[in-house]
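Visitor: sharing a sequence plus its predicted fold:
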Amino acid sequence: MEPLPIKILLLGDANVGKSTFLARMSKGSSALEGKVEIALLRDTDQPFVFEVKNRKGGYRLEFYDTESPENWRLLEPDLIIICYDISQRLSLINMQRVWIKEVRSTFQSEAILPILVLGLKRDLRSEDDPNGIIYPQEAMRVSQEMRADKYAECSAVTGELFKLAFEDMFNTAVQTTTAKGGQSDGGCVAM
């Protein structure tokens, strides 16, 4: 049976870690945990396609990063992941002020389109900068205010929480292929 395609759009400021996240995924299941060498993917190779199977069947995850598509607003994604850099407060602010507004104004299906928030570069969270620390509780609160369906964070470089974030993202993506869809029943859920 042919894998079921699922379009996933990654949004967020430049340099928040989206490319590194995708590069770790490109290493396959062996790279879901632990430290591995990561070679960044070329933006011209989009969509980045990953075939994944579970008990229900095979899926073709097609990831689009905002850096490359000339006009990502023309895509019809099944799932949107808004990314921010845990070590850069401005990227969290832009997620609220820019990216969620872009989603709402761009996609007609926004009312049924599942939105995940993904905090990247978890390994760079530093207690040394009290003004720059973005704790998970704050990011979860912001995600709830944005009416996102789920929140997760991970480090693509070290692999910390990467497997958990990927599994929850994959499960949400698979739900978009069902009649129920991928949105949560209400409120933001921590992954």
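Guide: Thanks, I have the structure now. Numbers count the residues shown, from 1 in each chain.
Visitor: so what touches stretch 1-11?
Guide: With contact meaning Cβ atoms under 8 Å, 6 or more residues apart in numbering, stretch 1-11 is reached by 18, 21-22, 47, 51, 57-66, 72, 75-83, 99, 102-103, 169, 173-174, 176-177. All C-beta atoms are positioned from the backbone trio N, CA, C, and that covers glycine.
Visitor: again, 7 Å this time
Guide: 18, 51, 57-66, 72, 75-83, 99, 102, 173, 176-177 (Cβ atoms under 7 Å, 6 or more residues apart in numbering).
Visitor: and that stretch, how far out from the chain's middle?
Guide: Its chain's C-alpha centre and that of stretch 1-11 lie 13 Å apart, by Cα atoms, centre = their mean, to the nearest Å.
Visitor: over to stretch 50-60?
Guide: Counting by Cα atoms, centre = their mean, stretch 50-60 comes out at 18 Å from the chain centroid.
Visitor: also stretch 91-103?
Guide: From the chain centre to the centre of stretch 91-103 is a distance of 14 Å (Cα atoms, centre = their mean).
Visitor: could you give the mean pLDDT of it?
Guide: Across stretch 91-103, the average pLDDT comes to 92.
Visitor: please apply the same query to stretch 72-88.
Guide: 90.
Visitor: mind listing the helices for the protein?
Guide: Assigned by DSSP state H, the chain shows helices spanning 18-25, 89-94, 100-106, 136-145, 162-175.
Visitor: please identify which of those is closest to residue 114.
Guide: helix 162-175 (5.7 Å; Cβ to Cβ).
Visitor: show me what that closest one is packed against.
Guide: Judged by 3 or more Cβ pairs under 7 Å, 6 or more residues apart in numbering; DSSP states H and E, helix 162-175 is in contact with strand 79-85, strand 115-120, strand 150-153.
Visitor: the closest residue to residue 94 other than its chain neighbours and residue 179, how far apart?
Guide: Spatial nearest neighbour of residue 94, chain neighbours left out: residue 13 (5.3 Å); criterion: Cβ to Cβ, 6 or more residues apart in numbering. Relative to residue 179, residue 13 is positioned 35 Å away (Cβ to Cβ, to the nearest Å).
Visitor: need the winner for burial among the helices of the chain.
Guide: Mean neighbours per residue, mean count of other Cβ atoms under 10 Å, is largest over the helices of the chain for helix 18-25, with a mean of 22.
Visitor: now the angle from that one to strand 115-120?
Guide: Helix 18-25 runs at 90 degrees relative to strand 115-120, counting by axes from the mean of the first three to the mean of the last three Cα atoms, to 10 degrees.
Visitor: output helix 18-25 as CSV, restricted to C-alpha atoms.
Guide: What follows is helix 18-25 as a C-alpha-only set of coordinates in CSV (Å, rounded to 0.1, in the frame of the first residue of the first chain):
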residue,chain,number,x,y,z
LYS,A,18,14.4,24.2,12.2
SER,A,19,17.1,22.9,9.8
THR,A,20,19.0,21.1,12.5
PHE,A,21,15.8,19.5,13.7
LEU,A,22,15.1,18.2,10.2
ALA,A,23,18.7,17.1,9.7
ARG,A,24,18.5,15.0,12.9
MET,A,25,15.3,13.4,11.6
